[in-house]
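In: Here's a sequence, model it:
(2 chains)
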Amino acid sequence: MSGKAVTSKECVAVVGVGQTKHVAARADVSIAGLCREAAVRALEDAELTWADIDAVVIGKAPDFFEGVMMPELYLADALGAVGKPMLRVHTAGSVGGSTALVAANLVAARVHRTVLTLAFEKQSESNAMWGLSLPVPFQQPLLAGAGGFFAPHVRAYMRRTGAPDAIGSLVAYKDRRNALKNPYAHLHEHDLTLEKVQASPMLWDPIRYSETCPSSDGACAMVLTDRTGAARAPRPPAWVHGGAMRSEPTLFAGKDFVSPQAGRDCAADVYRQAGITDPRREIDAVEMYVPFSWYEPMWLENLGFAEEGEGWKLTEAGVTELDGDLPVNPSGGVLSTNPIGASGMIRFAEAALQVRGEAGEHQVDGARRALGHAYGGGAQFFSMWLVGDTPPTG
Amino acid sequence: MTPHRPDREVAIVAFAQSDHRRRTDDLSEVEMVMPVLHDVLRQTGLRTSDIDFTCSGSSDYLAGRAFSFTMALDGVGAWPPISESHVETDGAWALYEAWVKLLTGEADTALVYSYGKSSPGSVRDVLTRQLDPYYLAPLWPDSVALAALQAQALVDVGATDEPALAAIATRSRADATANAHAQLPGARPQGEYVVRPLRTGDCPPIGDGVAAVILAVGDRARELCARPAWIRGMDHRIEAHSLGVRDLTDSPSTRLAAERAGAFEAPVDTAELHAPFTSQEVVLRRALDLDESVRVNPSGGALAANPVMAAGLIRLGEAAARIHRGDSDRALAHATSGPCLQQNLVAVLEGEPHVR
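Out: Predicted coordinates for the structure are as follows:
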């Protein structure tokens, strides 16, 4: 949509972020209890009450994961939505990001001033593996077991670029160490070493056990508001400078699974909106959707941080380490925490925390612009936003 | 509450739907969706590449598999990649998401579609899975039983009686004879009780179907449609989930959504109400203050065709189509989601004054 005359949009600010401590099973709370915990923390961060919220936008991955059809109906009470608009988004694994973008659009369009957005997954209520394994005759199933679907594409990346075998384990070791600095992260593996990652069992060659994401129970919430709301915020807001979604079919001849066109187009749209011409230099931190470690170098290329075939070199050189030149997943990322439907929103929220200077021990010094990234389906759905520490100009 | 006045003019410029059928075993979701998408695009002369934003509504639980919407996307032709989103609910909410997108100025045209195949399973059982998973869903109260609870509450307060409900059924299905897509047109017996006080005739048909609309802004809409159906306002509201804390004879969420959409600022001549059960039309008429002068559900409504997840979007499409044809100047369209009208959406559509 480049070159289109754009009417003046309202600026959108993130003024509250809340997460649950992500764990394998939250047997102590219901689905509603889990969601409310994150929502209350986001409200507390923004120093707002339920009465300040004009609308609620929620997202999660397939309803089969908990066995509840359209759970927004049951969650209306717990999320203070009674009497308010409540919208439910579902765009597969990218849903956490898409949900935040739909909420941001409500503010940008001046339909509402302050919106609560939340994404969750309580995977312990059911079994995600079986939730994905319901093929219909005569249709291509999504090839259940995400590792089985993605491993061949990792192998294709290795072949195409000549990346050494050790890159994947470097990513996993980095993200798991970053997670130790994030109190909300699911996996806190204090005794993990690079050797232990490399010695972990091979699950889907070339993906090892320690290079895969966990299954988590967790929720993430944000409070989004306009300029007026941001002026009243108790802590620094994160400003949305660009946001976009792109989709392409799951399977078709000519699809590039290593670097899907939809991902490249989505990033280009976000950079155009945000006025970014050199992402490698102009972006200070990236929260990237990396469910299998090899996706870090792959997405570094897809998102324009490295030339084609060069992504692994950034990883190998330590550029993506927490103290590197372009920190990727300072929070520990999806490799350390994966409540599927919430994972995208956590990326978006962690990007916001970075530019607000509120990321605690995993704060990237001086982060002024950060990218939140999510993808889903068979690498077919993408959603991204770029946030900054000052309002967009123009 | 003051109505929300959108800054940008947005209109529904085209509407298409499938023939609604009891079963479509011969069709995949993609095969079901594609002809309707082609139809709605043909009406405007647009191609997929001309559409700035696409949004769909559906439910995995009807298909009985996760990520069912990812396959339907193939029917759109998402290559090169498109700007696209999906809501796991009735397509009316997908239209709402698209409307908001157009209001931001980031898009000038949008394609909205939704579909539901109820035939692969038992929809009465499937819909029980919408309920509170800890306290209510384990009891498997089905959608007809819950609607009957609401109907009985209405009878108890004297808001309706069985003959009045039967009259709604008769009127709806008689009107549906003019709707080539309807599943149950024409005179039908009220039949036996399904769950008292609801008889077969008070309940919607179970069926499979698809709907699609195209939205456009300002002069783009005027280029694409001789008489665009301008969305003057649109809002939706949700109520508490537990039936025990709601007054089932009223629909405060519908009334509030209508106020915010500006429905009460001037009379409407047409109302397309998403009322799958006869008794729900009684609730909605009361909430919306509709008198006998308003033409309610000239399409036959959800009593004549109720493809779950598309029936709400069809109400918006049918209301818009009446404006396109010049049969209406100001119409109200309503969609619902959840048990006993828990969540409700209202849109006000207007045609520009007739030039005579």
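In: now the helices: where do they sit in the chain?
Out: Answering for chain A, as no chain was given. A:31-46, A:72-75, A:95-108, A:128-131, A:146-161, A:167-179, A:194-199, A:227-231, A:261-274, A:279-282, A:295-302, A:311-316, A:333-336, A:340-356 (DSSP state H).
In: right idea, wrong chain: chain B
Out: B:29-44, B:60-63, B:68-72, B:91-103, B:123-128, B:143-156, B:162-175, B:218-224, B:252-261, B:278-288, B:311-325.
In: Now the fifth one: average pLDDT?
Out: For helix B:123-128, the per-residue pLDDT values average out at 96.
In: and what of the second one?
Out: In this model, helix B:60-63 has an average pLDDT of 90.
In: what's the answer for the longest one, then?
Out: Confidence over helix B:29-44 (mean pLDDT, whole number) is 96.
In: Pull out the buried residues from it.
Out: B:29-30, B:32-37, B:39-41, B:43-44 (16 or more other CB atoms under 10 Å in any protein chain shown). Using the backbone N, CA and C atoms, a C-beta is placed for each residue, glycine as well.
In: What is the most widely separated pair among those residues?
Out: B:29 and B:44 (23.4 Å; CB to CB).
In: residues touching residue B:80, list them.
Out: A:248, A:261, A:265, B:49 (CB atoms under 8 Å, 6 or more residues apart in numbering or on different chains).
In: Surely the second one and residue A:248 touch.
Out: Right, the one you point to is residue A:261. Yes: using CB atoms under 8 Å, residue A:261 makes contact with residue A:248 at a distance of 6.2 Å.
In: neighbours of the closest residue to chain A within the stretch 151-300 of chain B, just the number please.
Out: Using CB to the nearest CB, the closest approach of the stretch 151-300 of chain B to chain A is made by residue B:238 at 4.4 Å. Neighbours of residue B:238 under the rule other CB atoms under 10 Å in any protein chain shown: 28.
In: Over to residue B:189?
Out: So residue B:189, with other CB under 10 Å, has 10 neighbours.
In: Same question for residue B:136.
Out: 19.
In: For residue A:182, see how far away it is.
Out: From residue B:136 across to residue A:182, the span is 37 Å (CB to CB, to the nearest Å).
In: now swap in residue B:228 and tell me
Out: With distances taken as CB to CB, residue B:228 is found 51 Å from residue A:182.
In: re the thing from before, any chance of the contacts of residue B:80 in JSON lines, plus pLDDT?
Out: Shown next, in JSON lines, are the contacts of residue B:80 (pLDDT from 0 to 100):
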{"residue": "A:248", "pLDDT": "96"}
{"residue": "A:261", "pLDDT": "98"}
{"residue": "A:265", "pLDDT": "98"}
{"residue": "B:49", "pLDDT": "94"}
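In: Those, buried ones only, as a ChimeraX selection?
Out: With 16+ other CB under 10 Å as the burial test, the buried ones among the contacts of residue B:80 are selected in ChimeraX as follows:
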select /A:248,261,265
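In: show me what contacts residue B:184?
Out: By CB under 8 Å, 6+ apart, the neighbours of residue B:184 are B:173, B:176, B:205, B:300, B:303-305.
In: List buried residues within those residues.
Out: Using 16+ other CB under 10 Å, the buried ones in these are B:173, B:176, B:205, B:300, B:303-305.
In: and which of those is nearest to residue B:348?
Out: residue B:300 (21.7 Å).
In: got the contact list for the residue lying closest to the closest one once chain neighbours are set aside?
Out: Nearest non-adjacent residue to residue B:300, counting by CB to CB, 6 or more residues apart in numbering or on different chains: residue B:176, 2.6 Å away. If you count contacts by CB under 8 Å, 6+ apart, residue B:176 has them with B:182, B:184-186, B:299-301, B:303-305.
In: With distance to residue B:106 as new columns, can the helices of chain A be given to me in TSV?
Out: Converted to TSV, the helices of chain A look like this (distance: least, CB to CB, whole Å):
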stretch	distance to residue B:106
helix A:31-46	25
helix A:72-75	25
helix A:95-108	8
helix A:128-131	33
helix A:146-161	31
helix A:167-179	33
helix A:194-199	42
helix A:227-231	18
helix A:261-274	9
helix A:279-282	21
helix A:295-302	22
helix A:311-316	30
helix A:333-336	28
helix A:340-356	18
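In: how near is the residue nearest the centre of chain A to chain B?
Out: The residue lying closest to the centre of chain A (CA atoms, centre = their mean) is residue A:344, at 2.4 Å. Relative to chain B, residue A:344 is positioned 13 Å away (CB to the nearest CB, to the nearest Å).
In: now residue A:295
Out: From residue A:295 to chain B the distance is 19 Å (CB to the nearest CB).
In: Identify the residues contacting that residue.
Out: Taking CB under 8 Å, 6+ apart as the test, what residue A:295 contacts is A:150, A:154, A:288-289.
In: residues in contact with residue A:329?
Out: A:174-175, A:178, A:286-288, A:290, A:296, A:320, A:335.
In: Pipe these into TSV and attach pLDDT and neighbour count per row.
Out: Listed next are those as TSV, based on pLDDT from 0 to 100; neighbours: other CB atoms under 10 Å in any protein chain shown:
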residue	pLDDT	neighbour count
A:174	98	27
A:175	98	29
A:178	98	23
A:286	98	29
A:287	98	28
A:288	98	26
A:290	98	27
A:296	98	27
A:320	98	26
A:335	98	29
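In: Chain B: which of those residues is nearest?
Out: residue A:288 (18.9 Å).
In: burial count for the nearest residue to that closest one once chain neighbours are set aside?
Out: Leaving aside its sequence neighbours, residue A:288 sits nearest to residue A:373 (CB to CB, 6+ apart; 4.8 Å). Residue A:373: 29 surrounding residues under other CB under 10 Å.
In: partners of residue A:373 in the sheet?
Out: As for beta bridges, residue A:373 partners with residue A:384 under DSSP bridges.
In: For residue A:331, see how far away it is.
Out: From residue A:373 to residue A:331 the distance is 13 Å (CB to CB).
In: go on, residue B:50?
Out: 40 Å.
In: Comparing these two, which shows the higher neighbour count?
Out: Higher neighbour count among residue B:50 and residue A:331: residue A:331, with 28 against 14, using other CB under 10 Å.
In: and the more buried one, what is it in contact with?
Out: A:178-179, A:182, A:184-185, A:287, A:337, A:346, A:350, A:359, A:362.
In: Can you tell me which of those residues is nearest residue B:71?
Out: Residue B:71 has its nearest neighbour among the contacts of residue A:331 in residue A:346, at 27.4 Å by CB to CB.
In: Flag the shaky bits of the stretch 51-200 of chain A, pLDDT-wise.
Out: The stretch 51-200 of chain A contains residues with pLDDT under 70 at A:133-145.
In: Just the mean pLDDT for stretch B:188-199, thanks.
Out: pLDDT averaged over stretch B:188-199 gives 97.
In: Please identify the buried residues of that stretch?
Out: By neighbour count on 16+ other CB under 10 Å, the buried set for stretch B:188-199 is B:188, B:190, B:194-195, B:197-199.
In: can you list contacts of that stretch?
Out: Against stretch B:188-199 from outside (CB under 8 Å, 6+ apart): B:144-145, B:147-148, B:151-152, B:155, B:162, B:165-166, B:169, B:173, B:200-203, B:277-279.
In: Which of the contacts of residue B:80 sits closest to residue A:316?
Out: Of the contacts of residue B:80, the one sitting nearest to residue A:316 (CB to CB) turns out to be residue A:261, at 26.4 Å.
In: still on that earlier bit, turn the contacts of residue B:184 into CSV, including distance to residue B:58 and pLDDT.
Out: Below are the contacts of residue B:184 laid out as CSV (distance: CB to CB, whole Å; pLDDT from 0 to 100):
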residue, distance to residue B:58, pLDDT
B:173, 27, 98
B:176, 24, 98
B:205, 19, 97
B:300, 23, 98
B:303, 22, 98
B:304, 21, 98
B:305, 17, 98
